[in-house]
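# Pasting the sequence and the predicted coordinates here, then a few questions.
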Amino acid sequence: MADRPPPFSVQDWRRAAEAALSPDVLAYFEDVAEDGVTALRERNVWSSVPLRPRVLVDTSEAETTTEILGHSLGTPLLPAPVALQGLVHPEGELATVRGATAAGSLAIVSSASSMSMDEIGRLGCPWWLQLYPLADRSLTAEVIGRARAAGASALVLTVDVPVLGRRAAGLVSSPQAVPALLREMIQPGETLADVYVRTGGRPVTWSELEWFQSRAELPILLKGVLDPTDARDAAAAGVAGLVVSTHGGRQLDGCPSALEALPPVVDAVAGRCAVLADGGVRRGSHALRLLARGAAGVLVGRPVIWGLAADGEAGVRSVIDILTAELRTAMALCGQTRISDLDRSVEWRPNEPAS
Ligand SMILES: Cc1cc2nc3c(=O)[nH]c(=O)nc-3n(C[C@H](O)[C@H](O)[C@H](O)COP(=O)(O)O)c2cc1C
């Protein structure tokens with residue numbers, strides 16, 4: 001970064017990451033499902049919801065502090081679980097967790113992380129573990145126990161990958177492209193391919209959720225819910241939270257963006273659990289729109305990877321700091337000073353009479 005001006009937007013971090021990464025690694029992180037219809041929708045949806053500027057309000061004290069599932073945070077912007085961060089930086093998820101903490105945030109670590117849960121736990125920072133269930137429940141139980149021991153304070157079950165979306169770029173072929181969890185599970189005489197087959201995936205169903213709830217001893221969030229009926233049933237089942245997400249446009253191509261899906265989901269859960277959201281957030285004002293529609297927190301995927309790739313922990317911190325500063329500015333320009341006060345009154349409605 002030495003010969004460049006300091007990044008002013010996350011797009012500056014993107015350009016720095018492009019310069020730092022090989023084309024195949026970049027392609028893996030940028031990849032989307034099929035024709036990228038949902039990914040494009042997520043990029044463009046923000047302009048379909050214009051914001052409503054309000055004036056003559058003292059917003060000098062506008063602040064972004066918030067509380068999410070018992071964590072007091074300086075920002076509602078959280079690094080999303082993104083697999084294999086060791087591909088872009090030698091410290092991988094360790095740098096992401098530290099950078100998030102420095103920015104007043106909390107990182108969600110992928111179960112396909114490059115770094116082991118024990119290493120992450122030793123940082124002493126707050127973090128949540130994202131999980132895909134393994135074929136064998138006793139192995140999953142062991143992973144959950146280790147996550148608890150390493151200080152994970154919530155489990156995020158990703159439910160939108162019953163099958164992998166069809167993506168062109170595929171995986172990177174590199175020794176770095178193996179999650180720590182799999183490396184740790186290799187038994188004597190086994191190859192990596194054997195471990196993949198033995199541990200495999202297990203469909204997340206409603207009965208599987210019950211099993212998780214009976215074993216986890218941690219709050220459980222479901223990530224990848226877009227449908228209000230699923231959201232209502234999940235809230236009724238007692239989950240702590242939902243993440244409204246299209247998996248960064250990498251799963252069902254053609255589904256709506258999180259911003260569009262949020263209002264009926266928020267109505268359906270009716271305050272029974274926290275609702276978070278992600279997808280295509282590249283500006284603080286994008287996060288503002290999600291928060292205004294009822295999201296308690298906003299996850300950020302690829303921009304965090306760009307910061308990590310270009311400058312490790314400092315890059316991650318900068319990405320969250322930039323988005324948070326933009327959020328504070330957008331709040332102030334909409335006459336808002338508190339995250340907890342945000343609602344859809346920040347959306348511009350054409351021809352709305354004075355109230
Ligand atoms: C390369 C890549 C890997 C990902 N890995 C995971 C994962 O392991 N688990 C998961 O729940 N979501 C995963 N996601 C989805 C993110 O958590 C998040 O939903 C998405 O990236 C948000 O969109 P954004 O990148 O536009 O911010 C991944 C996304 C990308 C781009």
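Arrived safely, thanks for sending. Residues are numbered from 1 along each chain as shown.

# For the stretch 251-355 of the chain, which residue gets nearest to the ligand?
G301 (2.3 Å; C-beta to the nearest ligand atom). Every C-beta, even on glycine, is put in place using the N, C-alpha and C of the backbone.

# Hmm, that residue is touching T246, no?
No. Contact criterion C-beta atoms under 8 Å: G301 and T246 do not qualify, at 10.7 Å.

# Compare neighbour counts for these two and give me the winner.
Under the criterion of other C-beta atoms under 10 Å, the comparison of G301 against T246 puts T246 first, with 29 against 20.

# residues contacting that one?
With C-beta atoms under 8 Å, 6 or more residues apart in numbering as the criterion, the residues that contact T246 are T38, A39, E42, D160, G224, L226, L252, C255, P256, S257, A258, G279.

# residues near the residue lying closest to the residue of the stretch 251-355 of the chain closest to the ligand once chain neighbours are set aside, how many?
Excluding its sequence neighbours, the residue lying closest to G301 (C-beta to C-beta, 6 or more residues apart in numbering) is A80, at 4.1 Å. By the criterion of other C-beta under 10 Å, A80 has 26 neighbours.

# Please tell me how far A80 sits from P179.
A80 is 16 Å from P179, where distance means C-beta to C-beta, to the nearest Å.

# likewise L139?
Counting by C-beta to C-beta, the gap from L139 to P179 is 14 Å.

# if we can go back for a sec, most neighbours out of the contacts of T246, which is it?
G279 (30 neighbours).

# joint contacts of G301 and T246?
G279.

# gap between the two ends of stretch 26-43?
Stretch 26-43 has an end-to-end distance of 18 Å (C-alpha to C-alpha, to the nearest Å).

# Likewise for stretch 156-164?
Start-to-end, stretch 156-164 (C-alpha to C-alpha) is 18 Å.

# buried stuff in that stretch?
V156, L157, T158, V159, D160, V161 (16 or more other C-beta atoms under 10 Å).

# if we take these, which one ends up nearest to the ligand?
T158 (3.6 Å).

# what sits against that closest one?
Applying C-beta under 8 Å, 6+ apart, the residues contacting T158 are P81, Q130, L131, Y132, V204, K223, G224, H247.

# residues contacting the first one?
Taking C-beta under 8 Å, 6+ apart, we find P81 in contact with I108, V109, S110, S111, Q130, V156, T158, K223.

# and the last one, how many residues sit next to it?
When you say that, I think you mean K223. K223 has 24 nearby residues by other C-beta under 10 Å.

# three-state assignment of the nearest residue to it once chain neighbours are set aside?
Among residues not flanking K223 along the chain, V243 sits closest, at 3.9 Å (C-beta to C-beta, 6+ apart). Using DSSP: H, G, I helix; E, B strand; the rest coil as the criterion, the local structure at V243 reads strand.

# farthest-separated two in the buried residues of stretch 156-164?
Comparing every pair within these by C-beta to C-beta identifies V156 and V161 as the most remote, at 12.6 Å.

# And the longest helix along the chain, what does it pack against?
Counting residues, the longest helix found in the chain (DSSP state H) is helix 302-333. When contacts are defined as 3 or more C-beta pairs under 8 Å, 6 or more residues apart in numbering; DSSP states H and E, helix 302-333 packs onto helix 10-20, helix 23-30, strand 77-79, helix 92-102, helix 284-292, strand 297-300.

# Please repeat the previous calculation with a cut-off of 6 Å.
Packing partners of helix 302-333 (3 or more C-beta pairs under 6 Å, 6 or more residues apart in numbering; DSSP states H and E): helix 10-20, strand 77-79, helix 92-102, helix 284-292.
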